[in-house]
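Peer 1: Pasting the sequence and the predicted model now:
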Amino acid sequence: MPLPVVVAVDPASPAARAGLAPGDEIVTISGQVPRDVIEYRLLSDEADPEVELRRGGLDRVVIVAKAAGEALGVEVQSAVFDQVRTCDNHCEFCFIYQLPPGLRPSLYVKDDDYRLSFLYGNFTTLTRFTESDLERIIDEGLAPLYVSIHATDPAVRTRMLRNKRGATSLRWLRALLDAGVEVHGQVVVCPGVNDGDTLVDTLTGLLDEYPELATAAAVPLGISRYSSEPALRPHTQAEAAAVVRAVHDAQTDFLAATGRRVVFAADEYYLLAGESFPHAETYGDWSQHENGVGMARRFHEEWHGRVEAAEAGGFFQSVDGAPAEGYRAPRGAFAGSLAPGESAVTLRPRRRAPITILTGTYGAAVLGPLLDAERPGVAEVRAVENSYFGGNIGVAGLLAGNDVAASVAADKPGRRYLLPDACLSNGRFLDGVSLDELPASIEVVASDGASLRRALDAA
């Protein structure tokens, strides 16, 4: 089994005082071999753990002097040390199949691992789930978990997953809920496959069969220009409006039966349908924020200071040892997204320079009306066309550096550019372009409403 490798050590941490260094392999902690960062955290949380290290082919044992619950102070290269449980489904809408060539190898890994569901909010279909997985989740309290449902009709789910176990694997969802595990679900809605009456039946089935679900989101499929599935297509405006109606009707039923709305539609549906976003109070605790549910409304609330900036989903994202951005991200010394209110500024144009906010097409549809109402004339909102992925991809988090470069290349010098940090991982876009390779100076701002407002107020 591969060993966890230390990639960064906090210089003020117990690990640094004990002599741990980047490149060290952790063989055991207190005599036990951790399978993943969950076990790593539990073992390293104890007082004065005994850590067996491998450095340069030689093993040594160190006692790390620390209090129980005190962070060890290292970052390891991966969230899972034994082996990521890969997905054996072949969903036609899977975005992994639609990625362009030349990206980081980790981006092409299809996972279906409940541990990554717990750690980072990844959705699992449960088709490779086992009784021992259930036991560990219950014993160690690994919740919340995130489950891809797609359809409650076994035949439809089997067709969508292209896996015969799709018909039966939701029995594990029932078992998790019976054990009191908090579970959030999602339905990727594909036109002509599981929309229309099938979606209505699915939402009804959630209430009938899984009323204990914490939340369930209806989200649209993303289609890049690399898709090889001829039957896939984006939603029409009428279809998007029908999804919104179906979700709102289901919310009414859930409220009457459980006192909770439970089901939500992703923001993209309201944009596609040309409808207003629901009020903030309808989103509850914003549990599916990272899944594109309530992002626009929450941005408005953050802008006005009515709520704090949302944190990224996944329990272990800020926990000692866990890679900060998920197992797909390139590793770096405690690198991650900007904290709310923080900005990474390169050479800045003069004060009162004209401002352009660069974002995806969906972000522009939200920001444009907000700034017209709140800060008319203060900044231009520019939707950067995503030529890299193509298709219907319009979220800021999938913007490529070359597309951003093309957007600003013809501008006159002296303009101030603001870019949401969701576009970047360790200072690079998905296509590998870094900020300093762009033809203009870019100011990166945390992707919440309060941070953008402060950046504009400082102009």
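Peer 2: Nice, thanks for sending it over. Numbers count the residues shown, from 1 in each chain.

Peer 1: Test my guess that residue 187 contacts residue 215.
Peer 2: No: contact between residue 187 and residue 215 fails when scored by CB atoms under 8 Å: they sit 11.5 Å apart. Where you see a C-beta, it was placed from the backbone N, CA and C, and this is true even at glycine.

Peer 1: what residue lies at the spatial centre of this protein?
Peer 2: With distances taken as CA atoms, centre = their mean, the residue of the chain nearest its centroid is residue 290 (5.2 Å).

Peer 1: can you pull the pLDDT of it?
Peer 2: Residue 290 carries a pLDDT value of 91.

Peer 1: Is it correct that it is in contact with residue 120?
Peer 2: No: the pair residue 290 / residue 120 is not scored as a contact, 9.2 Å apart, by CB under 8 Å.

Peer 1: which SS class is residue 413?
Peer 2: Classification of residue 413 using DSSP: H, G, I helix; E, B strand; the rest coil returns coil.

Peer 1: Identify the residues contacting it.
Peer 2: Residue 413 makes contacts with residue 440, as judged by CB atoms under 8 Å, 6 or more residues apart in numbering.

Peer 1: returning to that earlier point: in three-state terms, label the residue nearest to the centre of the chain for me.
Peer 2: From three-state DSSP, the assignment for residue 290 is helix.

Peer 1: Could you check how far it is from residue 372?
Peer 2: Look at residue 290 and residue 372: by CB to CB, to the nearest Å, they are 27 Å apart.

Peer 1: and if you look at residue 54?
Peer 2: Counting by CB to CB, the gap from residue 54 to residue 372 is 59 Å.

Peer 1: Tell me where the stretch 51-200 of the chain is predicted with low confidence.
Peer 2: For the stretch 51-200 of the chain, not a single residue meets the criterion pLDDT under 70.

Peer 1: Going along the chain, name the helices of it.
Peer 2: 114-120, 131-140, 154-161, 170-178, 196-209 (DSSP state H, counting those that start in this stretch).

Peer 1: What is the shortest one packed up against?
Peer 2: What it means is helix 114-120. Helices and strands touching helix 114-120, by 3 or more CB pairs under 8 Å, 6 or more residues apart in numbering; DSSP states H and E, are helix 37-44, helix 131-140, strand 145-148.

Peer 1: With distance to residue 429 as added columns, please give these in JSON lines.
Peer 2: Below are the helices and strands packed on helix 114-120 laid out as JSON lines (distance: least, CB to CB, whole Å):
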{"stretch": "helix 37-44", "distance to residue 429": "26"}
{"stretch": "helix 131-140", "distance to residue 429": "35"}
{"stretch": "strand 145-148", "distance to residue 429": "26"}
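
Peer 1: Deepest-packed of those, please.
Peer 2: Per-stretch averages of neighbours, counted by mean count of other CB atoms under 10 Å, single out strand 145-148 among the helices and strands packed on helix 114-120, with a mean of 25.

Peer 1: how far away is the residue nearest to residue 38 when sequence neighbours are not counted from residue 290?
Peer 2: Using CB to CB, 6 or more residues apart in numbering and skipping residues adjacent in sequence, the residue nearest residue 38 is residue 115, 6.3 Å away. Counting by CB to CB, the separation of residue 115 from residue 290 is 17 Å.

Peer 1: for residue 358, helix, strand, or coil?
Peer 2: Under three-state DSSP, residue 358 comes out as strand.

Peer 1: Cool, thanks, signing off.
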